[in-house]
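>>> Any chance you could fold what I've pasted below:
(one chain, ligands or ions: 2)
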Amino acid sequence: KWIVDKNKVKTESYPHVQQAAALLQQDEVVAFPTETVYGLGANALKDSAVAKIFKAKGRPSDNPLIVHISNQQQLINLVDNITPVAKKLTETFWPGPLTIILKKKAGISELLTAGLDTVAIRMPDHEIALALIEESGLPLAAPSANLSGKPSPTLAKHVEEDLNGKIAGIVDGGATGVGLESTVVDCTGDIPVIFRPGGVTKEQLEKVVGRVDVDPALEKEEASLKPKSPGMKYTHYAPVAPLYIVEGSPQYLQHVVDKARKDGKIVGVLSTDEQIDRIKADVVLTVGTRKDLHTIAAHLYEVLRAFNETSVDIIFSESFPQVGVGAAIMNRLQKAAGHKIVKENE
Ligand code: TXA
Ligand code: MG
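Numbers count the residues shown, from 1 in each chain. Ligands and ions are numbered 1, 2, ... in the order given. All right, here's what the predicted structure looks like:
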């Protein structure tokens, strides 16, 4: 096992990427950075390699993987029909945090796509990820490089925490940028449908294609509808202590915290730069500034993981406006909280 320093990768013309690419060609799994989160890559065209991803992560076999590509030819090799919507969106947002779903070509692995007739594809906007795909000459199947159920990794050390000893290596590219996963968009029809909110916002998609729908299962608080993106039905991103989202004023959040502490609980609060000094609890961590929701997206998983290093029994989180990247932030928080929400007016 080896870990590579980001600066070394750049100055030595990617020697560690070459090493990682060689492992991928031997059907091994290797973690690598993308602009969203770290991915756990393997040859998407070989089932024995793809199977190792599911095994290392403990991922249920009904949850399909995303194929990472670096050029248009790889897209053509995976699908028969690039729909007009897919064409427009990929021209605008690739490379970038957008995953498209299209009907797959005959012969594309059932294991990779969990038996669906569609395949998820994205071109990541990260120098190391693209270099690895080019160098190996392979489309890379890659889910987030965490154990199933844990927050996705935004630093190489998170991958190490979860997967040390279970994978062939990690290419360390430092902190990822966006911090939340890509937006998954069904592009099989005339109107794109968001299956998972992410780095590219609904507002950005609408500017390019007009109408964009959202999978109704995402808008429900209870998991009563079956989500179209199989992964969205699992509890995810969860820290060890139970997490509650608090909707209301800072005073109300303090009130909720005080009540739990009176009950003898050690209380953590997931807060922001604006409110961290006003909240009194046992552990208060800031996730970023409300003035720029991208800072909150970038640090959310890191802070959820950081609570596991403390002895808190319960965590209360501030909530965020569901506009722009706020939609993805609240989607991940709600899943991490198992939809446990405390509201001021109820
Ligand atoms: O940003 C990302 O997307 C990261 C980086 C590593 O690229 N990857 C990632 O992969 O988040 P993963 O496996 O953690 O999430 C993939 C999501 C899951 O919710 C899965 O169910 C969905 O995409 N998905 C994959 N193929 C699909 C398909 N054919 N139809 C519907 N949903 C699909
Ligand atoms: Mg994941």
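
>>> ok, so what distance separates Lys88 from Asp125?
18 Å (CB to CB, to the nearest Å). Backbone N, C-alpha and C define where each C-beta goes, glycine included.

>>> For burial, what's the neighbour tally of the closest residue to ligand 1 within the chain?
At 2.4 Å from ligand 1, Gly231 is the closest residue in the chain, using CB to the nearest ligand atom. Residues near Gly231, counting by other CB atoms under 10 Å, number 23.

>>> Which of the three states applies to it?
When classified by DSSP: H, G, I helix; E, B strand; the rest coil, Gly231 comes out as helix.

>>> gap between it and Ala131?
From Gly231 to Ala131 the distance is 27 Å (CB to CB).

>>> Compare neighbour counts for Lys88 and Asp125 and give me the winner.
The neighbour comparison of Lys88 against Asp125 (other CB under 10 Å) goes to Asp125, with 20 against 16.

>>> I am assuming the more buried one contacts Pro97, so please confirm or correct that.
Yes - with contact defined as CB atoms under 8 Å, Asp125 counts as touching Pro97 (7.2 Å).

>>> Just after the helix or strand of the chain with the lowest mean pLDDT, pick out the following helix or strand.
Least confident helix or strand, the chain: helix 6-11 with a mean of 42, by mean pLDDT, DSSP states H and E. Per DSSP states H and E, the first helix or strand lying C-terminal to helix 6-11 is helix 15-25.

>>> by contact count, what packs against that next one?
Helix 15-25 sits against helix 6-11, strand 30-32, strand 39-43, helix 127-136, strand 169-170, with contacts defined as 3 or more CB pairs under 8 Å, 6 or more residues apart in numbering; DSSP states H and E.

>>> list the contacts for Thr83?
Shown in contact with Thr83 (CB atoms under 8 Å, 6 or more residues apart in numbering): Leu102, Cys187, Thr188, Gly189, Asp190.

>>> ok, and the most crowded of these?
Greatest neighbour count in these, by other CB under 10 Å, goes to Cys187: 27 neighbours.

>>> any idea of the pLDDT on the closest residue to that residue other than its chain neighbours?
Once flanking residues are discounted, Cys187 sits nearest to Ala86: 3.8 Å by CB to CB, 6 or more residues apart in numbering. At Ala86, the pLDDT value in this model is 98.

>>> tell me the contacts of the residue lying closest to the residue of the chain closest to ligand 1 once chain neighbours are set aside?
Nearest non-adjacent residue to Gly231, counting by CB to CB, 6+ apart: Asn63, 4.8 Å away. Each residue near Asn63 by CB under 8 Å, 6+ apart is listed here: Ala114, Pro143, Pro230, Gly231, Tyr234.

>>> The spatially closest residue to Asp213 that is not a sequence neighbour pairs with what?
Closest residue in space to Asp213, ignoring its immediate chain neighbours: Val193 at 4.6 Å, by CB to CB, 6+ apart. According to DSSP bridges, the partner residues bridging Val193 are Asp186, Asp213.

>>> Kindly report the residues of this structure close to ligand 1.
Listed as neighbours of ligand 1 in the chain under the rule CB under 6 Å from any ligand atom: 34, 36-37, 39, 63-66, 97, 99, 101, 113, 116, 118-120, 124, 142-144, 181-182, 184, 195-196, 228-232.

>>> so where do the strands sit in the stretch 151-300 of the chain?
With strands called from DSSP state E, counting those that start in this stretch, the stretch 151-300 of the chain shows them at 169-170, 183-186, 193-196, 213-214, 243-247, 267-271, 283-286.

>>> Please, where are all the helices along the protein?
For the chain, the helices defined by DSSP state H occupy 6-11, 15-25, 47-57, 72-78, 84-93, 127-136, 156-163, 202-209, 216-219, 250-262, 293-307, 326-336.

>>> so the longest one versus helix 156-163, what angle?
Taking axes from the mean of the first three to the mean of the last three CA atoms, to 10 degrees, helix 293-307 and helix 156-163 form an angle of 40 degrees between their directions.

>>> Can you give me the pLDDT of Gly149?
87.

>>> One more: His339?
88.

>>> if I look at it, how far off is Ser148?
Separation of His339 from Ser148 (CB to CB) stands at 19 Å.

>>> So between the two, which is more surrounded?
Between His339 and Ser148, Ser148 has the larger neighbour count (other CB under 10 Å), namely 18 against 14.

>>> Now do that one against Lys57, distance only.
Ser148 sits 5 Å away from Lys57, taking CB to CB as the criterion.

>>> and if you look at Thr154?
Between Thr154 and Lys57 the computed distance is 16 Å (CB to CB).

>>> The two - which one has more neighbours?
Thr154 (28 against 24).

>>> Pick out the residue closest to the middle of this structure.
Glu181 (2.8 Å; CA atoms, centre = their mean).

>>> what sits against that one?
Counting by CB under 8 Å, 6+ apart, Glu181 has contacts Thr36, Val37, Pro97, Ser144, Ser152, Arg196, Gly198, Gly199, Ala328.

>>> Give me the neighbour count for the third one.
Pro97 has 25 neighbours, counted by other CB under 10 Å.

>>> Contact partners for the closest residue to it other than its chain neighbours?
Of all residues not flanking Pro97 in the chain, Gly199 sits nearest, at 2.7 Å (CB to CB, 6+ apart). Residues near Gly199 by CB under 8 Å, 6+ apart: 35-36, 96-98, 178, 180-183, 297, 325, 328.

>>> again, only using 7 Å
Gly199 makes contacts with Thr36, Pro97, Val178, Leu180, Ser182, Thr183, as judged by CB atoms under 7 Å, 6 or more residues apart in numbering.
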